[in-house]
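Q: need the 3D shape of this:
(chains A, B, C and D)
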2 protein chains.
Amino acid sequence: MRSPEQLVERFRSEGLKITPQRQLLFSLLHENAEHPTAEALYTTASAQMPGISLRTVYQTLTDLTEMGELSQVTFDGGAVRFDPNLADHHHAVCNECGAIADVSIDHLDAVSISEPNHFSPSSTSVVFHGTCARCATPTSNLDKPTNNQTK
Amino acid sequence: MRSPEQLVERFRSEGLKITPQRQLLFSLLHENAEHPTAEALYTTASAQMPGISLRTVYQTLTDLTEMGELSQVTFDGGAVRFDPNLADHHHAVCNECGAIADVSIDHLDAVSISEPNHFSPSSTSVVFHGTCARCATPTSNLDKPTNNQTK
DNA sequence: GACCTAATCTGCAAATCATGCGAATAAGCA
DNA sequence: TGCTTATTCGCATGATTTGCAGATTAGGTC
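A: Numbering: from 1, shown residues only, chains lettered A, B, ... in the order given. Below you'll find the predicted structure:
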């Protein structure tokens, strides 16, 4: 998604108001690569702005999604996660710690549906499951993140 | 998953009981390519066995999943769907009617994560979004299935 | 700076999906 | 037939998300 400043511009130009709640969420989301859930953002936001409502977090996330500034992703049936990365990309989910990383893929255009089933794909999404660099390195177990996996 | 007969064998050999509820669900799931939700199976099962409990449907689906006879898939944050297809395959989701088709993929081994991020993938899943053959054919609109999309 | 109005925020109720638990029931065996 | 234990069932509960209505506030106007 765009920078907080640009989002302020966009909201203003669309007649939407700039509230402290929105500004906080803009900054929490900007360049956030953690794919947070609404709940997680609410927790972080509450630390900086006690009293902010979970409802407002959901509302703002929905608004940004409808504006195309965020995308929603879910893995394995857990809670919806929000992704401010608008570039064409895919995801790698660590089975150990649940971390989700954005990845770019080479040769995706090579894959094709093998059966003659006449399905016309407009988009393709790829999810890798495996072990992230951090969890694969025994020596760094000390500062390994806790398991954030949902379900 | 295996045939109902084979599942009966397996359950018996593991000391599990063969109940009418289980047998019904075995047959409803066998070679079922619709990726039904627990709710959908419950509706179908109820027609043939009034009084069956939704709880039992969930329980049996969970059991079969733990035995490796079913896999669970979710798309776009909807309810969990159950897939009796144990072969290596991927999915194509129709944006129009919500239908989910199993697809085989060629050249999947060609795709690779482009960044040097040291993620070690153990499995890769691909989901195509697009238009299914049925929805792409205007002449067959009359018998087009209704939109089953969850969310 | 005061005022106005619509947008926004908040808290709570409610919908959806899924699981835990205890009592009632029934499968499988002696 | 009777026993043992797995299973079923129904309800309560939990997790996530949305709807609603009243209170609040941003942002423009005078």
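
Q: scan chain A for its longest strand.
A: Taking DSSP state E as the criterion, chain A has its longest strand at strand A:120-131.

Q: list the buried residues in that one.
A: Of all the residues in strand A:120-131, those buried under the rule 16 or more other Cβ atoms under 10 Å in any protein chain shown are A:121, A:124, A:125, A:126, A:127, A:128, A:129, A:130, A:131. Where you see a C-beta, it was placed from the backbone N, CA and C, and this is true even at glycine.

Q: for stretch A:47-54, same thing?
A: Buried residues in stretch A:47-54, counting neighbours by 16+ other Cβ under 10 Å, are found at residue A:52.

Q: identify the residues contacting it?
A: A:20, A:21, A:24, A:38, A:39, A:42, A:45, A:46 (Cβ atoms under 8 Å, 6 or more residues apart in numbering or on different chains).

Q: phi, psi for the second one please.
A: Put plainly, it is residue A:21. phi -60, psi -50 (degrees, to the nearest 10).

Q: quick one: residue A:6 is in a helix?
A: Yes. Judged by DSSP: H, G, I helix; E, B strand; the rest coil, residue A:6 forms part of a helix.

Q: just how off-centre is stretch A:81-89 within its chain?
A: Centroid separation for stretch A:81-89 versus its chain: 6 Å, with Cα atoms, centre = their mean, to the nearest Å.

Q: one step back: from the contacts of stretch A:47-54, which are also near DNA strand C?
A: By Cβ under 7 Å from any atom of the strand, the members of those lying near DNA strand C are residue A:21.

Q: now, the contacts of stretch A:47-54 that are in strands?
A: Residues of the contacts of stretch A:47-54 located in strands (DSSP E): none.

Q: domain-wise, how is chain A divided?
A: As assigned by automatic domain parsing, chain A contains the domains A:4-73, A:87-143.

Q: what residues does the helix-or-strand element of chain A with minimal mean pLDDT touch?
A: Lowest on mean pLDDT, DSSP states H and E among the helices and strands of chain A sits strand A:112-113, with a mean of 83. Identification of contacts with strand A:112-113 by Cβ under 8 Å, 6+ apart yields A:119, A:121, B:92, B:103, B:104, B:105, B:106, B:107, B:128.

Q: report pLDDT for the second one.
A: If I follow you right, that is residue A:121. If you check residue A:121, the pLDDT there is 92.

Q: can you count the residues close to the residue lying closest to residue A:37 once chain neighbours are set aside?
A: Nearest residue to residue A:37 in three dimensions, chain neighbours excluded: residue A:79, at 4.4 Å (Cβ to Cβ, 6 or more residues apart in numbering or on different chains). Residue A:79: 14 surrounding residues under other Cβ atoms under 10 Å in any protein chain shown.

Q: for residue A:79, which three-state class applies?
A: Once three-state DSSP is applied, residue A:79 turns out coil.

Q: pretty sure it sits against residue A:39.
A: Yes. With contact defined as Cβ atoms under 8 Å, residue A:79 reaches residue A:39; the gap is 6.6 Å.

Q: can you tell me which residues in chain A are near chain B?
A: When proximity is defined as Cβ under 8 Å from any Cβ of the partner chain, chain A approaches chain B at A:72, A:74, A:76-77, A:80, A:92, A:94-95, A:101, A:103-108, A:110-115, A:117-133, A:136.

Q: tell me which helix or strand the most far-flung residue of chain A relative to its centre sits in.
A: Within chain A, the residue lying farthest from the chain centre (Cα atoms, centre = their mean) is residue A:116, at 34.3 Å. Here residue A:116 sits in a region with no helix or strand, counting by DSSP states H and E.
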